[in-house]
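> Please find the sequence and the predicted model below.
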Amino acid sequence: MKSVDARKGTVTLVHDPIKSMNWPAMTMAFKAKDKAMLENVKPGAKVEFSFEQSGKDYIITQVK
């Protein structure tokens, strides 16, 4: 996790390749489906996450 803005409900992640999306490893920003899920997440933490596409945005639906 590179950065977190719980107030805005956004997170920037450095992630491994995501084969199902044909994405290489990269750094990108995501919106959170629920801002509360970001309250206890700190920059630098290693996390697992799930996301879904909503229009042109990618929304984090779960962070572990």
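The structure has been received and is ready for your questions. Residues are numbered from 1 along each chain as shown.

> For stretch 39-47, buried residues please.
Val41 (16 or more other CB atoms under 10 Å). Backbone N, C-alpha and C define where each C-beta goes, glycine included.

> Just say helix, strand or coil for Ser20.
When classified by DSSP: H, G, I helix; E, B strand; the rest coil, Ser20 comes out as helix.

> Could you list which residues are in contact with it?
Counting by CB atoms under 8 Å, 6 or more residues apart in numbering, Ser20 touches no other residue.

> do you know how far it is from Gln53?
Here the criterion is CB to CB, to the nearest Å. By it, Ser20 lies 11 Å from Gln53.

> Ramachandran coordinates for Phe30?
phi -130, psi 150 (degrees, to the nearest 10).

> Dig out what the nearest residue to it once chain neighbours are set aside forms beta bridges with.
Using CB to CB, 6 or more residues apart in numbering and skipping the chain neighbours, the partner closest in space to Phe30 is Ile60 (4.7 Å). On the basis of DSSP bridges, Ile60 is bridged to Ala32, Phe51.
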